[in-house]
Each structure stands twice: as C-alpha cells, then as structure tokens.
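**Q** Predicted model follows, preceded by the sequence.
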Amino acid sequence: MLFFSFFKTLTNQTVTIELKNDIRIRGILKSVDQYLNIKLDDIEVLDLAKYPHLSSVKNMFIRGSVVRYVMLPRSEVDVGLLEDATRREAANQAGKAR
Amino acid sequence: MTAFATSIFHRDDPKKQNENIHIKFLNLSAPAPSRPPPTLPTAFRISPPRQSDIRHHTMERLSLNESPAPAPRTPQQNQQFSQNALGPAGPQPTGGPPQLPPQMFTTAAQLLDLTDKKLVLILRDGRKLIGVLRSWDQFANLVFQDTVERVYAGQLYADVSRGIFIVRGENVLLLGEVDLDREDDIPPTLTRAPFEEVFELKKKEDSKRKTGDKKRYDELQALGFEPEHSGEILF
C-alpha cells in the first residue's frame, strides 16, 4: 500500500507513463487507486503518429496492470523519505510473516 | 450502484443532537450539492430517538467538498473501508496538510467520471472500441453501448458497428475520453476504406509481426532472457 500512498502525493503533477505495449503518454496525474489504476488529464501521446486512435483523447483511465513505467518529476520525489518508508514497510512485512 | 456506496454511522454530540436522518446517495448523474441535504420531514423518523442513541445515517458520497465524518464502525463497515478507502478514514484531529478525501482514490471514483461518456476502449489484444460507457464495477469490468470497432491497418481505417459489449476487466488496456470537439479530426495521413480491404491488410500485418516477434523471442531466449509478458502479446 506504500506506493498507493506515494502516488497519491503526486496528484496534479505531470507524469509520463509507459505502457507494456510501448505507448508513452504524458499527462497530469489526477487519481490513482488501490490497483494503481491511473487517471490522466490533458494527455499528450509521444509518437502520436504511431497511435492515431488516441489523437482525439483528452483524458484517460489506464489499468494498473498494463503500466510498465511511471516517470515522475524529479523535484517532487523525496527519495530519502521514500527509501525510509520502503524499508519500514519491508520490515513490517517481514514481521508479519514471522 | 449502491454496492459502491459505504454507509457511515456516527453518534453526534449529545448537546447538538439532531433527530433527523440524512440519506445521501452516490449519484451517477447529478452533481453533488455542496450544502448538506435538506432534513427529511418528521414522518421519516424511524422511532422516537433516545438521548443516547441518536445516529446520523449518511451514505458516503464522492465529493471534494466533504470529508467523511469520524465514526465508530462495525466490523462489516471496516471491511468495506479497507476495500475502498485506504487513506486515513477521516479528518485528522491534528492539523496536518489538507488531504483529499480517501473516497477520491478508488476505482469507482475514477470510472464514475467516465460513465455515460463516449470513450475509446483499447483492449489487450489491440482492439479499439469506441462507445458509451454505461456500467462498470471495481475490477473495471465494463459495459459499452453503441460500440463501433475501429480497425487500423497501414494508412487505412474502417469502422464496424458492434452494438453492446461486456468486457472483462483484465482485458482492458486503457479507456480514453473522446474530446467531442476533436473526434472528427482524424490525422490527414489516414484514409477511410472498406472494412474487407482494411481487414485483409491487417491480417497480413499481424502475421508479419507475429513471425517477427517469434524470431526475436527465440533469439532472446537463446541468450537466457525471458521475454516480457511472455505468452501474451500486448498491442
């Protein structure tokens, strides 16, 4: 659930999402849910010529299971904090497993 | 529809007790009013309220203007909460930064905005369907009405009318809202052609890609790489 919370802190930032079929979409992150489904506003498809069916789309819902990468604005990510949080979460998980 | 709504019970401060019952609905079409709903007439009272047992019954609603009330919850409600609201479940007493209400971050909230709109649905097998989203659930299983499948091949495209679609969520790649002002701006490089012609061309393209992919996967496998999403190919 850590990354769900993490993405929630990034709402209203511009992100670029690469899907598993290589489409890359840049847009404003509007919402994310527990499956990491993502909602983007004001989208722009990189290499639009290859994906003409997206030319008239302004905002979209992307199913979490097809996302390969989410590229984030560097300035918006507190890497130190995220590292701490991931370690804490991992420790919690390990504690639960025992 | 109400399957997605969560109810919240809470006891009010005894000093400002209000014996009316408020019912709010998760409304698909009407915009949420920002004011509290009007109190219902006395006839709706279930029973004469006891001083200690006054409850406000509210249905959780998807609105930015309200944050859910802090409430003692039954185990059943807790379960519902763990499913669709994973953030802090109420306004924190400590004055932290203002947070969006957790019900904004659910599949239901995301799909609610897209309901009854014209969408492009792209499936994992590469199909592009254009239609109106009528219904859905938390897995993104979808019902589309007046669906048209648009087939692209080379610089050609064709439309085929398909009617109603029920799509299992796992096959969904993405849902794009069609900008109605731009929907007819098809890139000038594309031309419309009869379906049979486009379909033939597409079949040729697909088989060519399949052999190309297979060759690439075989080579990668020989080098010890497991191809990404092996067994299923996303278009």
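**A** Nice, thanks for sending it over.

**Q** can we go C-alpha only for contacts and neighbour counts from here?
**A** Noted.

**Q** Please determine whether stretch A:24-32 lies in contact with chain B.
**A** Yes: interface with chain B: stretch A:24-32 contributes A:31-32 (CA under 8 Å from any CA of the partner chain).

**Q** Dump that stretch to PDB, restricted to CA.
**A** What follows is stretch A:24-32, C-alpha atoms only, in PDB (Å, rounded to 0.1, in the frame of the first residue of the first chain):
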ATOM      1  CA  ARG A  24       4.100   6.600 -23.800                       C
ATOM      2  CA  ILE A  25       1.700   9.100 -22.500                       C
ATOM      3  CA  ARG A  26       2.300  12.300 -20.700                       C
ATOM      4  CA  GLY A  27      -0.400  13.900 -18.600                       C
ATOM      5  CA  ILE A  28      -1.400  15.300 -15.300                       C
ATOM      6  CA  LEU A  29      -1.900  12.600 -12.700                       C
ATOM      7  CA  LYS A  30      -5.400  13.100 -11.500                       C
ATOM      8  CA  SER A  31      -6.100  10.000  -9.400                       C
ATOM      9  CA  VAL A  32      -4.800   6.600  -8.500                       C
END
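
**Q** tell me which residues in it are buried?
**A** Within stretch A:24-32, the residues that count as buried by 16 or more other CA atoms under 10 Å in any protein chain shown are A:24-32.

**Q** Could you do stretch A:5-18 as well?
**A** A:7-8, A:10-11, A:13-18.

**Q** quick one: which of the residues you listed sit in helices?
**A** Among these, the residues falling in helices (DSSP state H) are A:7-8.

**Q** Return only those of the buried residues of stretch A:5-18 found close to chain B.
**A** Restricting these to those near chain B by CA under 8 Å from any CA leaves residue A:8.

**Q** Packing partners of the longest helix seen in chain B?
**A** Ordering each helix of chain B by length in residues (DSSP H) puts helix B:195-222 first. For helix B:195-222, the elements it packs on are strand B:142-153, strand B:156-167, judged by 3 or more CA pairs under 8 Å, 6 or more residues apart in numbering or on different chains; DSSP states H and E.

**Q** Export those strands to TSV and append columns for mean neighbour count and distance to residue B:107.
**A** Output for the helices and strands packed on helix B:195-222, formatted as TSV (neighbours: other CA atoms under 10 Å in any protein chain shown; distance: least, CA to CA, whole Å):
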stretch	mean neighbour count	distance to residue B:107
strand B:142-153	20	12
strand B:156-167	16	16
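
**Q** So for the longest helix of chain B, what gets flagged as buried?
**A** The neighbour-count check on helix B:195-222 (16+ other CA under 10 Å) flags B:195, B:198-199, B:202, B:217 as buried.

**Q** of those, closest to residue B:171?
**A** Using CA to CA, residue B:202 comes nearest to residue B:171 of these, at 20.5 Å.

**Q** ok, for that closest one, nearest residue in space, not its chain neighbours?
**A** Nearest residue to residue B:202, sequence neighbours excluded (CA to CA, 6 or more residues apart in numbering or on different chains): residue B:153, at 5.0 Å.

**Q** Next one: that neighbour from chain A, what distance?
**A** 11 Å (CA to the nearest CA, to the nearest Å).

**Q** Spit out the contact partners of that residue.
**A** Applying CA atoms under 8 Å, 6 or more residues apart in numbering or on different chains to residue B:153 gives the contacts B:198-199, B:201-202, B:205.

**Q** do the same with residue B:149
**A** For residue B:149, the contact set (CA under 8 Å, 6+ apart) comprises B:127-130, B:159-162.

**Q** same thing with residue B:148?
**A** With contact taken as CA under 8 Å, 6+ apart, residue B:148 is in contact with B:129-131, B:159-163.

**Q** Would you quantify the distance from residue B:176 to residue B:190?
**A** 20 Å (CA to CA, to the nearest Å).

**Q** What parts of chain B come near chain A?
**A** Taking CA under 8 Å from any CA as the contact definition, chain B meets chain A at B:84, B:86-87, B:104-107, B:110-111, B:120, B:128, B:172-180, B:182-187, B:234-235.

**Q** hmm, back to that, columns mean pLDDT and distance to residue A:86 on top of the helices and strands packed on helix B:195-222, output as CSV?
**A** Shown next, in CSV, are those (pLDDT from 0 to 100; distance: least, CA to CA, whole Å):
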stretch, mean pLDDT, distance to residue A:86
strand B:142-153, 93, 34
strand B:156-167, 92, 35
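
**Q** Secondary structure element holding residue A:86?
**A** Using DSSP states H and E, the element containing residue A:86 is helix A:79-97.

**Q** helices and strands around that helix, which ones?
**A** Packing partners of helix A:79-97 (3+ CA pairs under 8 Å, 6+ apart): helix A:2-9.

**Q** any residues touching the helix it packs on, and which ones?
**A** For helix A:2-9, using CA under 8 Å, 6+ apart, the contacting residues are A:31-34, A:36, A:85-86, A:89, B:87, B:105.

**Q** Same question for stretch B:173-191.
**A** So stretch B:173-191 is in contact with A:52, A:54-63, A:66, B:114, B:117-124, B:155-157, going by CA under 8 Å, 6+ apart.
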